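*Asks:* Below are the sequence and a predicted model; questions follow.
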Amino acid sequence: MKKMVLSLSLIGLFITGCIMSNAPVTGRTQLILVDETQEKALGLNEAESILKNATLSSDKILSDKIVNIGRRIVAVSDDAKQYEWNFYLLEDESVNAFALPGGKVFFYTGILKFMESDDEIATVMGHEIAHVLAHHGAERMSQQMLSNVGAQVLSSALKIPAEYESLYNTAYGVASNVGVILPFSRKHESEADTIGIYLMHKAGYNPSEAVKFWQKMAAASKSAQPEFLSTHPSDERRIKDIEAYIKTLK
């Protein structure tokens with residue numbers, strides 16, 4: 001009983017401190033339990049750690065291109081003005097790019113090999129900037145916090161014997177990850193596509209090039225992992241959704 005009371009108290013504290021917000025462009029309602037100051041601090045600390053261990057590209061032309069495209073896109077978003085943006089090109093053959101809370105965006109030189117134009121760079125840049133503007137990192141952390149509290153509450157309600165708690169925690173973790181965390185991650189990826197396409201279009205880039213880029217990514221992909229176990233939507237769904245959204249742009 002004490003365990004149940006403690007868990008319910010934790011939920012009460014979470015609800016009291018939560019922030020209901022709306023994602024830009026899509027207007028989707030979000031539950032954020034992480035303070036924005038904390039979110040920015042986490043992003044800054046992680047960025048500093050990455051820069052200590054990574055190698056910045058020595059190609060000034062490409063590095064400047066990344067910075068200029070990033071600045072051009074954030075310039076069209078009022079939501080972006082609250083952040084101190086930095087754009088980095090890292091010397092790494094990985095086909096990847098990512099953004100951290102607070103406006104720290106990283107591109108790997110490996111992904112540029114698949115990009116034939118500034119519009120294609122803007123496709124990925126808009127997508128990564130969108131993750132920051134929509135507070136996807138904070139929302140994922142919030143979901144995990146609620147998931148952890150939910151495990152405690154359910155364990156107490158079911159009166160799980162102490163000798164079976166470890167097995168229960170493992171089963172609960174798998175169920176919540178597949179049923180909640182990953183679907184929200186796929187939703188975040190799709191939402192970042194939408195917001196990113198909107199931003200690149202508003203910044204004067206050609207959104208049709210986004211379809212071309214993701215088609216190349218689909219052709220290069222060697223992953224056969226089922227979509228329901230993936231953090232990203234399927235290539236086919238992503239491309240269809242992007243094509244449909246582009247038709248709505250004016």
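*Replies:* Arrived safely, thanks for sending. Numbering: from 1, shown residues only.
*Asks:* okay, CA-based contacts and neighbour counts for the rest of this
*Replies:* OK.
*Asks:* okay, now Lys250: neighbour count?
*Replies:* Per other CA atoms under 10 Å, the neighbour tally for Lys250 reads 6.
*Asks:* Now do the contacts for Gly196.
*Replies:* By CA atoms under 8 Å, 6 or more residues apart in numbering, the residues touching Gly196 are Thr123, Val124, Met125, Gly126, His127, Glu128, Ile129, Ala130.
*Asks:* element containing it, please.
*Replies:* helix 182-202 (DSSP states H and E).
*Asks:* Export that helix to PDB, keeping only CA atoms.
*Replies:* Below are the C-alpha coordinates for helix 182-202, written out as PDB (Å, rounded to 0.1, in the frame of the first residue of the first chain):
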ATOM      1  CA  LEU A 182       8.600   3.500 -30.300                       C
ATOM      2  CA  PRO A 183       5.200   4.500 -31.800                       C
ATOM      3  CA  PHE A 184       5.700   8.000 -30.400                       C
ATOM      4  CA  SER A 185       9.200   8.000 -31.900                       C
ATOM      5  CA  ARG A 186       7.800   7.200 -35.300                       C
ATOM      6  CA  LYS A 187       5.200  10.000 -34.800                       C
ATOM      7  CA  HIS A 188       8.100  12.400 -34.000                       C
ATOM      8  CA  GLU A 189       9.900  11.400 -37.200                       C
ATOM      9  CA  SER A 190       6.800  11.900 -39.300                       C
ATOM     10  CA  GLU A 191       6.100  15.200 -37.600                       C
ATOM     11  CA  ALA A 192       9.700  16.400 -38.100                       C
ATOM     12  CA  ASP A 193       9.200  15.600 -41.800                       C
ATOM     13  CA  THR A 194       6.100  17.800 -42.000                       C
ATOM     14  CA  ILE A 195       7.600  20.700 -40.000                       C
ATOM     15  CA  GLY A 196      10.900  20.400 -41.900                       C
ATOM     16  CA  ILE A 197       9.200  20.500 -45.300                       C
ATOM     17  CA  TYR A 198       7.200  23.500 -44.200                       C
ATOM     18  CA  LEU A 199      10.300  25.300 -43.000                       C
ATOM     19  CA  MET A 200      12.400  24.500 -46.100                       C
ATOM     20  CA  HIS A 201       9.600  25.700 -48.400                       C
ATOM     21  CA  LYS A 202       9.200  28.900 -46.400                       C
END
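*Asks:* what's next to the very next helix or strand once past it, contact-wise?
*Replies:* Next in sequence after helix 182-202, counting helices and strands by DSSP H and E, comes helix 208-220. Helix 208-220 has contacts (CA under 8 Å, 6+ apart) with Phe114, Met115, Asp119, Glu120, Thr123, Ile197, Asp235, Glu236, Ile239, Ile242, Glu243, Ile246.
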